[in-house]
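sequence unknown, structure follows:
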C-alpha cells in the first residue's frame, strides 16, 4: 500500500480548515474517561524516478548458480511490492506485469531500490517502527542489483510459483455510494472545491472499519475528504445552493461535521486497526468534499465511495484530532524557517495508534514528539509522499499532561511571504 497529498485553496484561520490530511484519532477504550488515538491511513503512490545512471554504476554481480532470476527471486518481489501501483490501471508511470516490462527497466529498478527511492518510505528508522513498512530488506535490494548486473536473467520456468498479488481494492464492501449525478468542475478556477451530499440511509449506528474512495476522473480529482454530518443540516446546505452540491473550502461547511475518511492520489483503500473504527450514526449523512484541479482539463466526475461496516460494535471508537500552527510567517527566500504546533498538556492519557504529519511543497523536515518521546521524524520532506503511519505492534501510550508538538521546517525559494493557507503555494503545519 502506498500514499499522498492535496492542494486546497484559500486561507485557513483555525484547525477546522484542515487539508486533505488524516489524523491521530481519539477512541473510547475501557471506562468513560479513557480515550485512545487511532491513526487512519492514506496511502500514496507516485512515479518511479528514472534518473541518469549506467549499468556500470551498479555493483559487480556474482556468478554463482544461485544468482537471482526473474522467476525465482524478482517476480515475487515485484508482484507483492510493486505491481499494485505499476499496473495498467495503477498510478505508476509504467507497468511491471511481465518479465519483458521489468527486463527493459532492470537497471532503473535496481538504481531506484538501491537508493531507496522505491518503494517510497519517508520516516526515519531511528524514531519509531511502523507497520506496514514498505521498505525492502537489504537482501531484496541486493537481489535486484545483482539481477540487473547479470543482465536480468529469466531463469527456470519451473521456479515460477503462484504469488498473492498486492491487494489494491476493498473487497466485500457493505455499501457502495455516490452523489447521484456527475459534476463538471468549474473550468474558470484552477482549483474547484465542491461538496456533495450522500445519504447512506443508515437505519442503525454503524462502525466504519474500512473504506475505498474510487475517483472517476483521476486527472482532475486531487483529493477527497469524507465527513459525517446531521442529515438535516447537510440537506439544508444542499437545498440552499442552486445546482448539484455546494462550493466549499477546506471543510464541509456543515455544522457538527466530523471527518471520517480521506483519499489522495496513489491511495488504494484503508483498513483501520483491528478493534477500532469510526461511528457513523443512524440518520446521519455523509458529505464528500472534493478538490478538483482543472489545469489538465475538466470532465464530468462521478466518483464512488465503498464502505465496510463492522459486524458488531468495535471496542475502540475513533474520532480524528489535529494539532496545528496557523500563525507562522515564512519570509521571502528564508531557509530553515521553523514553527511548532502544540497540543498543550493532554487532559488525559492517550494511546497513539498512528501519526500523520503534513506540510506543503516548501517543507524540509517534520518531527512530532510527545514530551521526550519521538513519535515520527521525516528527515527529507516530500510533498507527494504523505500518509498516516501506524505504529508497529500495539501503538504507544502518551501520559496525561504530555505536550504533543509538531516542528515544521521550510525552505522558501520564492520572493513571496508565505503563511498558513489551503492553497498549494501556501503552507501548513498540521499533525494528526
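Yes, it's here. As the structure is a prediction and not an experimental result, all values here were calculated from the model.

can you map out the strands along the stretch 201-350 of the chain?
Assigned by DSSP state E, counting those that start in this stretch, the stretch 201-350 of the chain shows strands spanning 206-214, 221-230, 246-247, 258-263, 270-271, 276-280, 284-293, 304-309, 316-321, 323-324, 329-330, 335-345, 350-352.

Tally up the residues packed near residue 186, please.
Applying other CB atoms under 10 Å, we find 15 other residues in the vicinity of residue 186. C-betas here are computed from N, CA, C, even on glycine.

How is it assigned, secondary-structure-wise?
At residue 186, secondary structure determined by DSSP: H, G, I helix; E, B strand; the rest coil is coil.

For it, give me its contacts.
Counting by CB atoms under 8 Å, 6 or more residues apart in numbering, residue 186 touches 192, 294, 298.

could those be laid out in a markdown table, adding pLDDT and distance to residue 169?
Shown next, in a markdown table, are those (pLDDT from 0 to 100; distance: CB to CB, whole Å):
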| residue | pLDDT | distance to residue 169 |
| --- | --- | --- |
| 192 | 90 | 27 |
| 294 | 88 | 27 |
| 298 | 94 | 26 |
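
Where neighbours are concerned, which of those has the most?
Tallying neighbours with other CB under 10 Å puts residue 192 at the head of these, with 21 neighbours.

Quick check: phi and psi on residue 106?
phi -60, psi -50 (degrees, to the nearest 10).

before we move on, back to that, now tabulate the strands of the stretch 201-350 of the chain in JSON lines and tack on mean neighbour count, mean pLDDT and distance to residue 389.
Output for the strands of the stretch 201-350 of the chain, formatted as JSON lines (neighbours: other CB atoms under 10 Å; pLDDT from 0 to 100; distance: least, CB to CB, whole Å):
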{"stretch": "strand 206-214", "mean neighbour count": "22", "mean pLDDT": "95", "distance to residue 389": "18"}
{"stretch": "strand 221-230", "mean neighbour count": "24", "mean pLDDT": "91", "distance to residue 389": "18"}
{"stretch": "strand 246-247", "mean neighbour count": "17", "mean pLDDT": "96", "distance to residue 389": "33"}
{"stretch": "strand 258-263", "mean neighbour count": "25", "mean pLDDT": "88", "distance to residue 389": "14"}
{"stretch": "strand 270-271", "mean neighbour count": "20", "mean pLDDT": "85", "distance to residue 389": "13"}
{"stretch": "strand 276-280", "mean neighbour count": "23", "mean pLDDT": "93", "distance to residue 389": "15"}
{"stretch": "strand 284-293", "mean neighbour count": "25", "mean pLDDT": "94", "distance to residue 389": "23"}
{"stretch": "strand 304-309", "mean neighbour count": "20", "mean pLDDT": "98", "distance to residue 389": "22"}
{"stretch": "strand 316-321", "mean neighbour count": "22", "mean pLDDT": "83", "distance to residue 389": "15"}
{"stretch": "strand 323-324", "mean neighbour count": "24", "mean pLDDT": "94", "distance to residue 389": "16"}
{"stretch": "strand 329-330", "mean neighbour count": "18", "mean pLDDT": "98", "distance to residue 389": "26"}
{"stretch": "strand 335-345", "mean neighbour count": "15", "mean pLDDT": "98", "distance to residue 389": "17"}
{"stretch": "strand 350-352", "mean neighbour count": "23", "mean pLDDT": "88", "distance to residue 389": "11"}
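
Relative to residue 200, which of the ones you listed is closest?
Smallest distance to residue 200 across the strands of the stretch 201-350 of the chain (CB to CB): 5.7 Å, for strand 284-293.

Partner strands of that closest one and their direction?
Strand pairing for strand 284-293, using DSSP bridges, gives strand 191-198 (antiparallel), strand 221-230 (antiparallel).

and residue 98, which of those strands is closest to it?
strand 221-230 (29.3 Å).

Check the offset of that closest one from the chain's centre.
On the basis of CA atoms, centre = their mean, to the nearest Å, strand 221-230 sits 14 Å off its chain's mean C-alpha point.

Give me the residues contacting that strand.
Strand 221-230 is contacted from outside by 5-8, 19-20, 191, 211, 213, 215, 251-252, 254-265, 278, 280-281, 284-293, 301, 303, 305, using CB under 8 Å, 6+ apart.

so what's residue 231 closest to, chain neighbours aside?
Among residues not flanking residue 231 along the chain, residue 285 sits closest, at 4.2 Å (CB to CB, 6 or more residues apart in numbering).

How about residue 161, nearest residue that isn't a chain neighbour?
Once flanking residues are discounted, residue 161 sits nearest to residue 76: 7.5 Å by CB to CB, 6+ apart.

Quick check: phi and psi on the nearest residue to residue 292 once chain neighbours are set aside?
Nearest non-adjacent residue to residue 292, counting by CB to CB, 6+ apart: residue 185, 3.8 Å away. Main-chain torsions, residue 185, degrees, to the nearest 10: phi -60, psi 160.

where does residue 185 land on pLDDT?
Looking at residue 185, its pLDDT reads 95.

Hmm, it is touching residue 296, no?
No - with contacts counted by CB atoms under 8 Å, residue 185 stays clear of residue 296, the gap being 11.0 Å.

shared neighbours, these two?
Shared contacts of residue 185 and residue 296 (CB under 8 Å, 6+ apart): residue 220.

other SSEs contacting the lengthiest helix in the chain?
Longest helix in the chain, counting residues (DSSP state H): helix 138-149. Using 3 or more CB pairs under 8 Å, 6 or more residues apart in numbering; DSSP states H and E as the contact criterion, the elements in contact with helix 138-149 are helix 75-81, helix 106-114.

Report the angle between the longest one and helix 138-149.
Angle between the axes of helix 106-114 and helix 138-149 is 160 degrees (criterion: axes from the mean of the first three to the mean of the last three CA atoms, to 10 degrees).

Quick one: residues contacting residue 128.
By CB under 8 Å, 6+ apart, residue 128 lies in contact with 374, 375, 376, 391, 392, 396.

among those residues, which are in strands?
374, 375, 376, 396 (DSSP state E).

now, which of the residues you listed sits nearest residue 110?
residue 376 (29.1 Å).

isn't that closest one right up against residue 354?
No - Residue 376 is not in contact with residue 354 according to CB under 8 Å; the separation is 9.1 Å.

More neighbours: which of these two?
residue 354 (27 against 22).

Quick check, pLDDT for that one.
Turning to residue 354, the model gives it a pLDDT of 85.
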